[in-house]
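Enquirer: Sequence and predicted structure below; questions after.
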Amino acid sequence: MADLPTSSGNDPSSGSNSRPDVIVVGGGIAGCLTAYLLAGRGASVTVLEAEAVGSHASGFAFGGLGPLEGSGIPDPLLDFSVWCFNRHVTLAAELQEATGIDTQFQFRDRLNLAFTPEEVARYRSDLEWQRQVAGFKVEWLEPAEAVRVEPRTNPACLGAAYCQGSGAVEAYRYNLAVAQAAEKQGATIRQRMVTGLLRQGERCRGVTLESGEIEAGAVVLAGGPWTGKMSDWCRWNLPVRPLKGQILRLQLPDNPMAASLNYAGSYAAAKPDGLTWAGTTEEEAGFDAEITQAGRDKVMADLLKMAPSLAEAELVQQTACLRPLTPDGMPVVGKVPGWDNLYLNSGGGRKGILWSTGQCQGLADLILEGRSAVPGLAALDLSRFGE
Ligand SMILES: Cc1cc2nc3c(=O)[nH]c(=O)nc-3n(C[C@H](O)[C@H](O)[C@H](O)COP(=O)(O)OP(=O)(O)OC[C@H]3O[C@@H](n4cnc5c(N)ncnc54)[C@H](O)[C@@H]3O)c2cc1C
């Protein structure tokens, strides 16, 4: 284990683990999974969460696990994303065994619909490299073939890239299972708002709270979209900002969808709760996480473009939450420059559930061993943004 000196803390209510090797700020998936992986390797860990585990994006995300598209894919994050996906497959079983919670991981086929010749050309071009990725089957479908896969597909589309082999989890169950598994490994989770860092030269001695402070051998900042606000604590720019997204949960009048439909960043898919979830928006709304009529209209418009017959679906619930987004859409994982033992794990953006496995394994490796074999991790270093 790397040098993680423990020291005394003075938050008397922080529980048995008041002098941890590592404090993790944030009880979303980035914080809880980091804690689970560190605790499983013998570190004493305390997670400090201002509200509740999974109370923000990690508890409300759609939970799609699609490693073949998104920011940084294929270059530089294809290997990283596939590694993350494969780790989800094993982690789901591991969590069920440890906690009894079924995270409802499922393999799920997806149709990426094209409506313009440019989209057809782009998807067909992507298929060239996607075909080389082991574990996934991708092919081009003409409109009638896409309708055969999922009968609600808009027959006016120009075709679809069909991907078999990606998947999904239930995000809240996943966050909860990870938190419980971390506690079973000895981690402590406390409801505390962290207000700053204790600094001594290049070392972070711990954190300050609204009342009191806790010392630790190392600190991980995993505050989701609030991570950017922690820049002042670090005297280093942590370029993470909120990007709001809204999702509709719908009751369909007939059978569940056979494959998820995707178009221009929006999607619709059947979920294990029996509903169809349709998303999403990308809104620069600061920290406002309220649902809106405009958000509902945007999601419905995209949904009806993909599947016009879903106009009959009944709206059951609308949710909104905030993604932690960096300027290039890729996570930031690693040491904060200028500090010996202050680390960052944030910026999962639209794929923070998928990428959580690689972000957290990579960070646990860096904290405990100073290096990691998770592929592509070097591309996530904070130094890519400069000071
Ligand atoms: C609509 C929507 C759909 C999504 N769909 C998908 C998807 O299909 N697939 C996918 O992979 N990803 C998806 N995502 C992205 C994913 O949800 C996020 O990237 C991921 O959950 C971020 O996890 P996190 O732990 O970094 O942040 P969060 O879940 O935001 O957790 C951060 C936690 O830190 C706490 N915190 C902040 N400041 C402090 C402080 N000072 N002290 C103590 N605690 C603090 C907060 O209370 C919060 O609980 C979606 C996101 C949205 C919004």
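Expert: Right, received. Where do you want to start?
Enquirer: Roughly how far does the residue nearest to Arg131 when sequence neighbours are not counted sit from Arg124?
Expert: Leaving aside its sequence neighbours, Arg131 sits nearest to Val138 (Cβ to Cβ, 6 or more residues apart in numbering; 5.8 Å). Heads up, the C-betas are built off the backbone N, CA and C, glycines and all. The gap separating Val138 from Arg124 is 11 Å, by Cβ to Cβ, to the nearest Å.
Enquirer: Kindly report the same for Arg41.
Expert: Using Cβ to Cβ, one gets 44 Å for the distance from Arg41 to Arg124.
Enquirer: sorry, back to before: you'd agree the residue nearest to Arg131 is up against Pro67?
Expert: No. Contact between Val138 and Pro67 fails when scored by Cβ atoms under 8 Å: they sit 11.8 Å apart.
Enquirer: Which one of those two is surrounded by more residues?
Expert: The residue with more neighbours, out of Val138 and Pro67, is Pro67; 30 against 22, by other Cβ atoms under 10 Å.
Enquirer: what's near enough to touch that one?
Expert: Applying Cβ atoms under 8 Å, 6 or more residues apart in numbering to Pro67 gives the contacts Ile73, Leu78, Ser81, Val82, Cys84, Phe85, Val133, Ser166, Leu354.
Enquirer: Confirm the fifth one sits in a helix?
Expert: So that's Cys84. Yes. Counting by DSSP: H, G, I helix; E, B strand; the rest coil, Cys84 is found in a helix.
Enquirer: Could you tell me how many residues sit around the nearest residue to it once chain neighbours are set aside?
Expert: Once flanking residues are discounted, Cys84 sits nearest to Gly358: 4.1 Å by Cβ to Cβ, 6+ apart. Gly358 has 29 neighbours, counted by other Cβ under 10 Å.
Enquirer: in what helix or strand does Gly358 lie?
Expert: Per DSSP states H and E, Gly358 falls inside helix 352-369.
Enquirer: just checking, what packs against that helix?
Expert: Using 3 or more Cβ pairs under 8 Å, 6 or more residues apart in numbering; DSSP states H and E, the elements in contact with helix 352-369 are helix 29-39, helix 57-60, strand 64-65, helix 78-99, strand 218-221, strand 332-335, strand 342-346.
Enquirer: Check whether it comes into contact with the ligand.
Expert: Yes. Helix 352-369 is in contact with the ligand by Cβ under 6 Å from any ligand atom, via Gly352, Ile353, Leu354.
Enquirer: Relative to the whole chain's centre, how far out is stretch 351-369?
Expert: Here stretch 351-369 is found 11 Å from its chain centre; the criterion is Cα atoms, centre = their mean, to the nearest Å.
Enquirer: tell me the average confidence for that stretch?
Expert: Across stretch 351-369, the average pLDDT comes to 98.
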